[in-house]
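Asker: have a look; sequence and predicted model below, questions after that.
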Amino acid sequence: MAELTQNERRLLAVLEKEKKADAPHIAGLLGATPEAVVQWAHLLGDKGLAAVERIVVKEFTFTDEGKAYAQNGLPETQLLRFILPGTQLADLQKHEAFRIGFGQLRKKKLITVEGTQITKVQGASTDDDESALKKPTASDPRTKDLIKRGILQECETGRHVIAITPKGLELAKKGLDLREETGTLTREMILSGSWKTASLRRYDVTKIPKKTCPGKIHPYQRIIQEMREILLDMGFEELYGDIVQQSFWNFDALFQPQDHPAREMQDTFYLRETMPLPPVWEKVKAMHLSGGETSSTGWGGVWKEEKAEQCVLRTHTTSLSIQHLARNRNPPVKAFAVGRVYRRETIDTTHLAEFEQLEGIVMDEDVSFANLLGILREFYNRMGFTSVRFKPSYYPYTEPSLDAEVYIDGIGWIEMGGAGVFREEVTAPIGVDYPVLAWGLGVSRIAMLRLGLKDLRLLHKSDVAFLRETPSLRKAKGGI
Amino acid sequence: MAIITLPYKYLERLTRTNRKTILEKVPLIGSDIERLEEDHADVEFFPDRPDLFSPEGVARAMRGYLGIETGLPSYPVKPSGISFTIDPKLANIRPVLSAAVIRGVSFDDESIQSIMSLQESLHWAVGRGRSKVAIGIHDLDTVRPPFRYIASPRTRAFVPLDYTEWMSMEEILEKHPKGRDYAKIVKDFPLFPLIIDSHDHVLSFPPIINGERTRVTIDTKNILLDTTGTDRRAVSVAVNIICTAMAEAGATIESVEIEGAQTPTLAPAERTVSVKECSRLLGVDLTTSSMVELLKRMRFGAEPAGADRVKVKVPCYRADIMHDWDLFEDVGIAYGYDKLESLPPKTSTVGKPHPVQVVMVLAREAFTGLGYLEVMPFTLTSEEIMYARMQRPETKGVLHVMHPITIENTVVRTELLPLLLEFLTINRHRELPQRLFTIGDVVVDCRTHQQAAGVSTHPDADFSEAYASADAVLHELSVDYTVKESADPAFIDGRRGDIIVTGKRIGIFGEIHPAVLTAFELEHPVAAFEFDLRAVPGYPGP
């Protein structure tokens, strides 16, 4: 049972004594208005502690015309008194009550008219009508007739009668706390100890207060942090670095031929700036032209230093991985990076010119393609994707290459990322002698699925309402 | 993307099995099925495998993968007796020519369409939009050998394909649709490449357009293939792929003599590879014989060559086999990626977060503790947002993108505050107060560093709130700072402070200037601050 307010308790205490009483009466006892009492009584009624009954009473009052008749008698009564044996119609016509009274007398068949002679019927009396006028009752047809004649009028008045229920009585007998209520617990109350006797106003727990929003990180950031934590747990070192990269590290060192379509102006954001090439450039050039000292044929064609010097907004975080490898050539190296990458794409709901990429590399003496599958399976499992499969793919700087797909209930197999072993053409020039497993995935793809976004732009031009409403903990199922 | 149309009936006939088996297995050799139609499938193949850009090539690969016909396919070539000469003046224009004669073709409309689409796919994947390789296909019986590949005056005229009137080569570049598309490849040369026969009939103006005279029709029985370009290897590969595809369809291939050499030979290349190296790379135990069998299923010639060696014959159409590992990938594909075990790496390592990320995580914690909501704006923005609306001069060292896509993406951000104000604009209709922050990369002089910024807007937002919030975040990050009055025009004079660390200005806080608010269409005061995370102890040095 819901708790009672102080007013409800006070009412219940009165009812315990009165058992059943009119609202105005109780209002007098409580020093409140009858309307307030009725309202509290209804609240008690909702809890089964009191019963509120509205009693409707029909009352009859005289109209102005009726008031005069009440004093002097009905017109027919007055006329009847006037009629004596031998009374002529002409005499009667002089009486002020004639106009109404005569018709009534004839209608009620209390007189007979023979020529000009008026005669009372034997035992003619209007006593019943008079009593209907003085003591009207709803069931009396004469009363109804008087109402119709505009002599009496009927009006309804309601009154509330409040009675305590057995349940209410039982509760009241246990004793009710009738102390004054306090809204705020004050410092003074705490210090003085008056809180011990104070009654703090109760709140209705079903009423939702005005919403408040916590400060929190972006839901997309949360996904990035989740991925970072998984990779740190898996023993990876984190890389973070420059957005502006030299074409050399972004493309050439990754054995992307200089005439590769991905390097064209329409796919990459080029900058006017250039940077001097690192000393390793000659080895990279030799690899492009003829395969250097490996079993590779190289691309042949031409390789221009100017092209390699030009700066770009990095098109992948692989440019960070390759430089990390060039600086750390001793195994093992396990590293990852999450960072923004840039593609010169027309922006629409599923394509952005900048988006986050996650990338990991593992370099070690005896790592194999099978280890790459093992790492990917572990990562995706930890992300919540329990079904993972691999299929052949192509990336210019890995061989063998694969695409990882995960199964999502209700959607099916979704491509989640690409991976492969860095080509020897990539690792040999920078002096790395062991296989390098590399893999990447688009973070925004997972974010889009998880956050149920139809438009990728909302990750970056977010509606504050969306940020406020998205809970920190999502009920993730199967990674989504 | 190369999406290849595979008509079921033709594919079934060439592969010698049913479509269900083919479609089930074709993704396993490296492809994505795009669409299944009533009579054909559209399948995407990767750009490194132009030999799969025709139904004939796909059928050849699938016969091997399914074990119907394995090992090296052989393509006999006999000399046609036809010869070409090459004009030395082409050396700096378009020096490389290869050609072949393809006899006994039987075309219908569909198969003409098929070879045209192979030609177009090769132009894209191998030819780099015709600049590196351009392919011409002619009805051999309309012209008279020997042929000459010459550097011609630009005014020479002929009737180009799809036209009836004579046009000069210069006119073709201006008026013919193909001329306009590819003019940029040749327009700067004083002379244009041209292929003519012994009667001076024009076969082709590579890489632009063929002559109408040699148009291929359903009556064509014999084809002359010309392929020109700038890179010998790419040109040969294109010829090999077309010739072997036509041979798969039933034609016979004949070579032509160019500068004294017979071309094409369609002969395989040879590589001897190590079984152990392949096993180690893939992480599976292979024997010499199992590796030989797997290679044969991928249509390589393969035979054991000693204990650990396999001698591989690489078919002439496999342009992608540059390195031993390219063969090992094919071994892996034949073995089946689904059958490879997923093995955890053996070496134990310890994870380590990047110090910049550590600082950023702590900064986010401080902001969220103050009730700020994180946003993640784009890093590409415009001078209008970054500087004009802020009443600030352009930051020295801002990066301008050379070919922006839109006027909203012309520079890389140098500050974060303007982007937060833009966010408030986007969210004008949302409930106040709004407290937003962002932490992330900015780029100045090509170097990336990180900043943190916060804004608070509501009717009572003021200088004191900005000061208190900035102080709280800086305190949490142990930044020891002093403050002096600022001159930043984005803020109200007398209500702005520069954050100073060891004598250097590292940030700003205060009340945003009403003119800036108006520029961002904001109606309530904004308390704001921004600072450079390089001032945080623990931020890694340069």
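Answerer: Thanks, I have it. Keep in mind it's a predicted model, so treat the numbers as computed, not measured.

Asker: from chain B, which residue is nearest to chain A?
Answerer: Chain B approaches chain A most closely through residue B:283 (2.8 Å), counting by C-beta to the nearest C-beta. C-betas here are computed from N, CA, C, even on glycine.

Asker: what helices and strands are in contact with the worst-scoring helix or strand of chain B on mean pLDDT?
Answerer: Using mean pLDDT, DSSP states H and E, the weakest-scoring helix or strand in chain B turns out to be helix B:109-125, at a mean of 89. Other helices and strands packing on helix B:109-125, by 3 or more C-beta pairs under 8 Å, 6 or more residues apart in numbering or on different chains; DSSP states H and E, are strand B:2-7, strand B:133-139, helix B:232-248.

Asker: for residue B:477, find the nearest of the ones you listed.
Answerer: Smallest distance to residue B:477 across these (C-beta to C-beta): 52.2 Å, for strand B:2-7.

Asker: per-residue confidence averaged over that closest one?
Answerer: Regarding strand B:2-7, the rounded mean pLDDT is 92.

Asker: what of stretch A:356-373?
Answerer: 96.

Asker: all helices of the stretch 351-500 of chain B, in order?
Answerer: B:355-369, B:383, B:417-426, B:463-476 (DSSP state H, counting those that start in this stretch).

Asker: residue B:422 reaches residue B:522, doesn't it?
Answerer: No - counting by C-beta atoms under 8 Å, residue B:422 does not reach residue B:522; the two are 10.2 Å apart.

Asker: could you export the helices and strands packed on helix B:109-125 as a markdown table, including mean neighbour count and distance to chain A?
Answerer: Output for those, formatted as a markdown table (neighbours: other C-beta atoms under 10 Å in any protein chain shown; distance: least, C-beta to the nearest C-beta, whole Å):
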| stretch | mean neighbour count | distance to chain A |
| --- | --- | --- |
| strand B:2-7 | 20 | 11 |
| strand B:133-139 | 25 | 11 |
| helix B:232-248 | 24 | 5 |
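
Asker: can you add distance to residue A:58 and give those back as JSON lines?
Answerer: Below are the helices and strands packed on helix B:109-125 laid out as JSON lines (distance: least, C-beta to C-beta, whole Å):
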{"stretch": "strand B:2-7", "distance to residue A:58": "89"}
{"stretch": "strand B:133-139", "distance to residue A:58": "107"}
{"stretch": "helix B:232-248", "distance to residue A:58": "105"}
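
Asker: relative to residue B:261, which of those is closest?
Answerer: It is, among the helices and strands packed on helix B:109-125 and with distance given as C-beta to C-beta, helix B:232-248, at 11.6 Å.

Asker: give the other helices and strands that that closest one contacts.
Answerer: helix B:55-65, strand B:96-103, helix B:109-125, strand B:133-139, strand B:222-229, strand B:252-258.

Asker: worst mean pLDDT among the ones you listed?
Answerer: Across the helices and strands packed on helix B:232-248, helix B:109-125 has the smallest mean pLDDT, namely a mean of 89.

Asker: quick one: it to strand B:133-139, angle?
Answerer: Between helix B:109-125 and strand B:133-139, the angle comes out at 160 degrees (axes from the mean of the first three to the mean of the last three C-alpha atoms, to 10 degrees).

Asker: would you mark the buried spots in helix B:109-125?
Answerer: For helix B:109-125, the buried set under the neighbour-count rule, 16 or more other C-beta atoms under 10 Å in any protein chain shown, comprises B:111-112, B:114-115, B:117-119, B:121-125.

Asker: next one: stretch A:24-39
Answerer: Buried residues in stretch A:24-39 (16+ other C-beta under 10 Å): A:25-27, A:30, A:32, A:34, A:37-38.

Asker: return the residues of the stretch 101-250 of chain A in contact with chain B.
Answerer: Remark: the part of the stretch 101-250 of chain A in contact with chain B comprises A:213-218, A:220-221, A:225, A:228, A:231-244, using C-beta under 8 Å from any C-beta of the partner chain.

Asker: are any of those buried, and which?
Answerer: Among those, those scoring as buried are A:213, A:215-218, A:220-221, A:225, A:228, A:231-232, A:234-244 (criterion: 16+ other C-beta under 10 Å).

Asker: name the SS class of the closest residue to residue A:21 other than its chain neighbours, please.
Answerer: Excluding the flanking residues, the one nearest residue A:21 by C-beta to C-beta, 6 or more residues apart in numbering or on different chains is residue A:162, at 6.3 Å. Secondary structure for residue A:162, judged by DSSP: H, G, I helix; E, B strand; the rest coil, is strand.

Asker: strands of the stretch 401-542 of chain B, residue ranges please.
Answerer: For the stretch 401-542 of chain B, strands defined by DSSP state E, counting those that start in this stretch occupy the ranges B:411-412, B:434-444, B:447-457, B:482-485, B:491-501, B:504-512, B:526-532.

Asker: likewise for the stretch 151-300 of chain A?
Answerer: Going by DSSP E, counting those that start in this stretch, the stretch 151-300 of chain A shows strands at A:152-164, A:181-182, A:199-200, A:237-239, A:244-246, A:270-274.

Asker: out of the ones you listed, which is the most enclosed?
Answerer: Most buried of the strands of the stretch 151-300 of chain A by mean neighbour count (mean count of other C-beta atoms under 10 Å in any protein chain shown) is strand A:244-246; its value is a mean of 25.

Asker: I'd like the average pLDDT over it.
Answerer: Strand A:244-246 carries an average pLDDT of 96.

Asker: can you list the neighbours in contact with that strand?
Answerer: With contact meaning C-beta atoms under 8 Å, 6 or more residues apart in numbering or on different chains, strand A:244-246 is reached by A:271, A:273-275, A:277, A:308-314, A:319, B:399, B:412, B:443, B:446-448.

Asker: just stretch B:459-476 next, same as before
Answerer: Applying C-beta under 8 Å, 6+ apart, the contact partners of stretch B:459-476 are B:362-363, B:365-367, B:369-370, B:372, B:432-433, B:452, B:454, B:456, B:481, B:483, B:492, B:495-497, B:499, B:507, B:509-511, B:524-529, B:531.

Asker: out of the residues you listed, which end up buried?
Answerer: B:362-363, B:366-367, B:370, B:372, B:432, B:452, B:454, B:456, B:481, B:492, B:495-497, B:499, B:507, B:509-511, B:524-529, B:531.

Asker: got the contact list for residue B:140?
Answerer: Listed by C-beta under 8 Å, 6+ apart, the contact partners of residue B:140 are B:101, B:222-224.

Asker: which strands and helices sit next to the helix or strand where residue A:147 lies?
Answerer: Per DSSP states H and E, residue A:147 falls inside helix A:141-148. When contacts are defined as 3+ C-beta pairs under 8 Å, 6+ apart, helix A:141-148 sits against helix A:127-134, strand A:152-164.

Asker: what packs against the first one?
Answerer: For helix A:127-134, the contact count by 3+ C-beta pairs under 8 Å, 6+ apart identifies helix A:64-72, helix A:75-82, helix A:141-148 as packing neighbours.

Asker: if you set the cut-off to 6 Å instead, what comes out?
Answerer: helix A:141-148 (3 or more C-beta pairs under 6 Å, 6 or more residues apart in numbering or on different chains; DSSP states H and E).

Asker: what about dumping the CA coordinates of the helix it packs on to CSV?
Answerer: Written as CSV, here are the backbone C-alpha positions of helix A:141-148 (Å, rounded to 0.1, in the frame of the first residue of the first chain):
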residue,chain,number,x,y,z
PRO,A,141,-48.3,13.3,-9.4
ARG,A,142,-49.9,16.5,-7.9
THR,A,143,-46.4,17.8,-7.2
LYS,A,144,-45.4,17.1,-10.8
ASP,A,145,-48.5,19.0,-11.9
LEU,A,146,-47.5,21.9,-9.7
ILE,A,147,-44.1,21.9,-11.3
LYS,A,148,-45.6,21.9,-14.7
